[in-house]
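Enquirer: what follows is a predicted structure for the sequence shown.
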Amino acid sequence: MSNTLRKVLSLLLAVAMLMSCAVVFAGCDNTDNDNPVVSGDQNVDDVPDEGDKEVDPNATYTYNTSASVFPTLWNPHTYQTATDAVPLDYTSVGFYTFDYNETLDGYKIVPEMAVAEPEDVTADYVGEEWGIAEGDTAKAWKITLRDDLKWNDGTPITANDFVKSAELLLNPAAQNYRADSLYSGSMVVHNAKNYLYAGQYAYSPMIDYGYAAVADLTVGEDGAYDTADGDLWFNLYDGVSWSSNSLTDYYNAGYTAEMTKDGVDLYATVLAANADEDGYVAVTAEVADALMFIVANLHGYADADAYAVDAGDYAYTEWNEFIQIGSTYPEMTFDAVGVKALNDTELVLIIDKPLEGFYLLYSLTGTWLVKNDLYESLITITDGVYNNTYGTSAETTPSYGPFVLESFQADKQMVFTKNDNWYGYTAYPGCYQTTSVVVDYVETAATRLELFLQGKLDTYGLDAADMQDYSKSEHTYYTTGDSTFFIALNPDLDALKSEQEKLGANKNKTILTIPEFRMALSFALNRAEFCLATSPVNNAAFGVFSSIIISDPDNGVAYRTTEQAKDVLVDFWALTDEIGEGKLYADKDEAIASITGYNLEMGKQYFDLAYDKAIEAGLMDEDDVIEIKIGQPNGTSNFYNNGYDFLVNNYTEAVKGTKLEGKLTFTKDDTLGNAFSDALKTNKVDMLFGVGWTGSALDPYGLMEAYTAPNYQYDPSWDTTTDMLTVNIDGTDYTASVIDWTYCIVGTPCTVTAADGTTMEYSCGTADGDPETRLAILAALEGAVLRTYDMIPIMDDSSAALKGMQIQYYTEDYIYGVGRGGIKYMTYNYTDTEWDAYVAENDGILNYK
Amino acid sequence: MFKYVLKRIALMLMVFLIIISICFVLVKLLPNTPATQFGKDMQLIEMRREALGYNKPLIVQYGIFLQKSLLGGNWGASESLYVGQDVWDIFISKLPATMLVNVYAMLFSVPIGLLLGIYAALKKNRWQDHLISTGIMVFVSVPGFVTAFFVQYFLCHKLQWFPMQMLPGDDYFTWAMFMSLVPAILSLGFGTIAGLARYTRAELCEVLTSDFMLLARTKGLTRGQATVRHALRNSMVPIFPMIIGEFIGIIGGSLIIEQIFGIPGVGPLYIKSITSRDYNFYMLLSSFYTFIGLSANILVDLSYGFIDPRIRMGER
């Protein structure tokens, strides 16, 4: 090494050493910091009374919040998650919006961008073009917009902008993720789906059109079956509605014997041999027979006839769940789509299914509006793949809401400031005190808490570790969510037998088919302790629906407060005979309040009973050990790890002193990943916990399908086509299958049979105008789900959060739709300057305990 | 030498292709079916997947990847993490924050690590050596994220000397930004200091007892002269490549440290790209890191020759 090089290296080393010293001592410059000591003696009484203060018009009020997951794409046409929608919450508004009712104890929907409620103009659009017949109502609605709608740059917004935006949303080339918002919910805009799929040969699950036996199908010119809706196709690589696993998955997993008939491999010779390069097979009589046979065999029956002994006609139609209907959508222009602008402020929506009242307004609480010129400038098509970067940065995010996205740094921070061109600041005097919103990306909960205690965040969502310190804090706000989580069990005898045989001798799983065993698992589960062990803010659950679920949205009536829903709970938990004068409980409310779901003594009795029944039925030998495999999506989630440990300990203790003592064991598979929700269906595990459905807080009727329809069920072995349910309609008891009642309450007519054998076509959807009967059917279905003990409710999703002392909520109680007032009604106890001073006065760390 | 370098580069490209091919196949073998959503038009999702080429045979997808990405340099758009955005742009936009904090951490830790190691070696088996060695063992044993939590709790929360999180924005070379990075620099640096000090001490101790050191002293050199001119230089032969390796690690980022101190860098990207099945992102990162890793190996090998001319490359 030359001397010069040595000198250069020495110099570099010296500089680096100096920098190191700078880093080490940099912090020491703050030794005279005013706030070095922890305090925390201040409390909520120190908060000044805002009413006596003069409001400084130049004061700033910043709402500082954080997120552990940051949005990456908030294009109104393509965003996928609630996290991604956060910027839209600040930069956009709907045609209508939720607001407090007059008594501040509920919600109402009021005009936002619209000036009044929609006007029914169905009569103006009668004709084949729009599919509207004379006398129809609620199928065309005129929305009159405010005349002062503007983008943040001052560009006026007109009704035509909504039409153009709808065209961009439904652009067939774009395949926008949210394109179905115009046709898959309760609001089905005329021709929206047809325009989206125009010219394409597209497939839909056959059972969306209803089940059909072979005899009901017609044979086309090519010798394959078709229906009025299109051609029937089976796909080797798609389980369609039957399962997320395809028949090929089953075949490759070793289910070859189930696909072999009289020594002929049906999969290879009938299905695979006739498949095209994408795996599609035209459904011929031979294919239908093969599928019928395979489905029956996968259920453990010799053939469909044997299966039909237990399953009835379903045995001959279940294969439909593997079938898709393919058809070519006709070419059409956007003129045929039911979104029309009459002039600058009048927009008309023409819809296929009548919709009115609450659900109409609710469907219009969001919009699909984009700034068309900017949107189109951001479209790229590379190698035939459409792409658009609208809504990915501050520059690509125009606003027509209360705030403008001032800056956005991915995975770091986004800042919103007031949109001076928004009408709301004059339309809602006294509201929107917030001058800016800062959302920081802070991934670790401990850091979020420390920032909150330093006054740098205005809210903090508590997690399990915080509850000991803050559960009783006067700053803690609890909110019930709309999800109920369950233990889901797999009582499929054939599947359990098969898995049991793989384990070898003296291992047992088939006891899960004994209802008393599942009941024992329910009664012996200490739900409150389970919540404490896994997620302490959650509440124990005793029914299918939580208290936040609303069954009468027009009037804001929560399902759990209705008499029908209360009856379900008191019946299911056997409290009916304990209610009344001189009895244990004065009324149903008192009885329901007493439910814990935990009765160890009864659980032990049912364990004994289940054991006896299993021995008697030959399902279990005396020296058998039960082995239940529990599924987890991963091995890193505290919820699932703690939950597994709790369940194992809970049940191991529960069987002590029973005939199953020492005979109940558990294993786990924590590698399920995305296959978690299908793990029961595919017989990978015997039990899942923490499963459920969310997102339908205002429509428990539609949500019931998730528990009873085969394509959604966690446990498909509950055959809801054969399980019959009786409901009283206008004084007469009518019987129909569980699945028929399920479809009936969303407006699909079904045949119901009275005790004397008479039948009638009956539907009880929103438009049928019999909410009481609809509610009674829903309650009956809830009871049916609970009585299977395949889905055992364990906890309702809830959350708890600390509110900072700078801000003030409008209401203490959480109201569906408006929360506690949101950013609109939020007020401030301090300006930003005052808040900084207040935090400094308290030595930089606030006490919220 | 030139021939040797060319040969190494050719081998490197071959290994690179093999690794990338394995990565491509493995990630594509992971299950990736869209979760059933209540009331969602799943066909719409399926059509998008079809357009993105998910349903093409694996070998066809591989061919497209080779042609478009590896040879064409077009890494495509993100499919799930930053949907629709160019993965290369996202990666490059996040790289500076990661590099900045890691470069600072190296500048802080390398000199201190070397000095401590040298000092401990010179004071071998005396109380100074024991003190430094104990500290080294503590910081080698304690995981970086534990150190990070201590640094954040005491320096940022209790003493409030530094901000809890890195400041937002891209004004990377301001004093305020530097101060906001200090906790992360310290957290990253302690482990490196400990590792480097331990290694330096061990190497130097061995060299100091060598015969040539005795010869140097008998030739009349002072202890300091002998140490700096002979011992230090010889002990640097294995240490310098180690420092180069540490620098290469800079661009990999630190998953935990970046999360704790709010550094919007590339650290978490790799894991996220796998868990969210963002194929384009995963293949870009795999290619990038594989290339950097393999290049570093060559660089380290070549560096031996520069540090110690007695080491000849590619010669028998």
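Expert: Ah, there it is.
Enquirer: list the buried ones in the one helix or strand A:Glu529 maps to?
Expert: Using DSSP states H and E, A:Glu529 sits in helix A:527-534. By neighbour count on 16 or more other CB atoms under 10 Å in any protein chain shown, the buried set for helix A:527-534 is A:527-528, A:530-534. (C-beta placed from N, C-alpha, C; glycine too.)
Enquirer: that helix - contacts with which helices or strands?
Expert: Identification of packing neighbours for helix A:527-534 by 3 or more CB pairs under 8 Å, 6 or more residues apart in numbering or on different chains; DSSP states H and E yields strand A:539-540, helix A:638-654, strand A:791-803.
Enquirer: roughly how far is that helix from the heart of the chain?
Expert: Here the centre of helix A:527-534 is set off from its chain's centre by 22 Å, with CA atoms, centre = their mean, to the nearest Å.
Enquirer: also stretch A:790-809?
Expert: That offset, for stretch A:790-809, works out to 16 Å (CA atoms, centre = their mean).
Enquirer: state the phi and psi torsions of B:Gly73.
Expert: When read as degrees, to the nearest 10, the backbone of B:Gly73 gives phi 80, psi 10.
Enquirer: from the buried residues of helix A:527-534, which is closest to chain B?
Expert: Nearest to chain B out of the buried residues of helix A:527-534 is A:Thr534 (CB to the nearest CB; 21.9 Å).
Enquirer: tell me the contacts of that closest one?
Expert: For A:Thr534, the contact set (CB atoms under 8 Å, 6 or more residues apart in numbering or on different chains) comprises A:464, A:638-639, A:642-643, A:646, A:690, A:795.
Enquirer: on that earlier part again, tilt between the helix holding A:Glu529 and strand A:791-803?
Expert: Orientation check (axes from the mean of the first three to the mean of the last three CA atoms, to 10 degrees): helix A:527-534 against strand A:791-803 gives 50 degrees.
Enquirer: OK, contacts around the residue in the stretch 251-400 of chain A that chain B sits nearest to?
Expert: Residue of the stretch 251-400 of chain A nearest chain B, by CB to the nearest CB: A:Asn387 (5.0 Å). Counting by CB under 8 Å, 6+ apart, A:Asn387 makes contact with A:379-381, B:77, B:84.
Enquirer: what about A:Val337, distance to A:Ala776?
Expert: 39 Å (CB to CB, to the nearest Å).
Enquirer: those two: which has the busier surroundings?
Expert: More neighbours surround A:Val337 than the other of A:Val337 and A:Ala776, with 23 against 20 (other CB atoms under 10 Å in any protein chain shown).
Enquirer: need phi/psi at that one.
Expert: In terms of degrees, to the nearest 10, the main-chain angles of A:Val337 are phi -90, psi 140.
Enquirer: kindly report the same for A:Ile630.
Expert: Torsion angles at A:Ile630 (phi, psi; degrees, to the nearest 10) stand at phi -100, psi 140.
Enquirer: quick check: it touching A:Val691?
Expert: No: with contact defined as CB atoms under 8 Å, A:Ile630 does not reach A:Val691; the gap is 11.6 Å.
Enquirer: tally of neighbours for A:Glu134?
Expert: The tally of other residues near A:Glu134 (other CB under 10 Å) stands at 8.
Enquirer: A:His190 too?
Expert: 25.
Enquirer: could I get the contacting residues of it?
Expert: A:His190 sits next to A:130-131, A:336-338, A:350-352 when contact means CB under 8 Å, 6+ apart.
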